[in-house]
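Undergrad: Fold the following, please.
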Amino acid sequence: MIYLDLFLGFLKVGCFSFGGAYAAIPLIREIVLSYGWLSDEALSYMIAVSESTPGPIMVNLATYVGSSQAGFFGSLLATFSVVLPAFVLILLLMCLLKTVIKNKYVQAIMQGMKPAMIGIILATGVFMTYKAVRAAEGAVFDAPALLLMLLLIFTKVIYKRIRRKKLSPLVLIALSAVLGAVIFAL
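TA: Numbers count the residues shown, from 1 in each chain. So this is what the prediction gives:
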């Protein structure tokens, strides 16, 4: 039964996650929590790990959840089911690409979906930021987490003003690891 649940759950993620991995996080969260595969906190940690490891976030999450629920075969099945819809869609689109992409209705649909995807990604970022800095009990915010977030934002803004280019995500990940070790060790 777990294999069928993994297949159908991650097939839904693969089918309905238009707009990329960040737009899929709310759907992944809903499915993983509804099946009880991970707690909300464990899922948040896994999203952070998936962002910092090579490969697409959806594939990393599917592999991890499948492995944690049903071992090696569960990870293979969850990974296969999350990429299956995109694989089939790409095959179909390659056959129709030359004529469909020039269609004015298809262009209008794609233009209309962009603001929706931006909104979903922004809402996910705000939700994850809130969850990261929210205190467990008593205080309003978790002071070390809030300090770390503010230091990273400050570093990114100052770097962009001084160097006139964006700070590499790799540098931000490494910096957050070092700052996190220092701040949370205090």
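Undergrad: So what's the model's average confidence on the helix or strand that contains residue 180?
TA: In the assignment (DSSP states H and E), residue 180 maps to helix 169-185. Helix 169-185 shows a mean pLDDT of 87.
Undergrad: Check which helices and strands it sits against.
TA: helix 143-163 (3 or more CB pairs under 8 Å, 6 or more residues apart in numbering; DSSP states H and E). From N, CA and C alone the C-beta is placed, and that goes for glycine too.
Undergrad: list the helices and strands the helix it packs on packs on?
TA: Using 3+ CB pairs under 8 Å, 6+ apart, helix 143-163 sits against helix 104-133, helix 169-185.
Undergrad: Flag every buried residue along the longest one.
TA: Residues of helix 104-133 classed as buried under the neighbour-count rule (16 or more other CB atoms under 10 Å) are 120, 121, 124, 128, 133.
Undergrad: contacting residues for the nearest residue to residue 25 once chain neighbours are set aside?
TA: Nearest residue to residue 25, sequence neighbours excluded (CB to CB, 6 or more residues apart in numbering): residue 124, at 4.9 Å. Contact analysis of residue 124 by CB atoms under 8 Å, 6 or more residues apart in numbering lists 22, 23, 25, 26.
Undergrad: any idea how far residue 124 lies from residue 130?
TA: From residue 124 across to residue 130, the span is 11 Å (CB to CB, to the nearest Å).
Undergrad: mind checking which helix or strand residue 83 is in?
TA: Residue 83 belongs to helix 57-100, assigned by DSSP H and E.
Undergrad: centroid residue for the protein?
TA: Centroid-nearest residue in the chain: residue 22, 4.1 Å away (criterion: CA atoms, centre = their mean).
Undergrad: Now do the residue sitting furthest away from the middle of the chain against residue 93, distance only.
TA: The centre of the chain is farthest from one residue, residue 99, which by CA atoms, centre = their mean lies 32.3 Å away. Residue 99 sits at a distance of 11 Å from residue 93 (criterion: CB to CB).
Undergrad: and if you look at residue 51?
TA: 27 Å.
Undergrad: Of these two, give the one with the bigger neighbour count.
TA: Per other CB atoms under 10 Å, whichever of residue 51 and residue 93 has more neighbours is residue 51, with 15 against 11.
Undergrad: what's the angle between the one helix or strand the more buried one maps to and helix 104-133?
TA: Residue 51 belongs to helix 40-52 when elements are defined using DSSP H and E. Computed by axes from the mean of the first three to the mean of the last three CA atoms, to 10 degrees, the angle separating helix 40-52 from helix 104-133 equals 120 degrees.
Undergrad: helices or strands up against helix 40-52?
TA: Using 3+ CB pairs under 8 Å, 6+ apart, helix 40-52 sits against helix 21-35, helix 57-100, helix 104-133.
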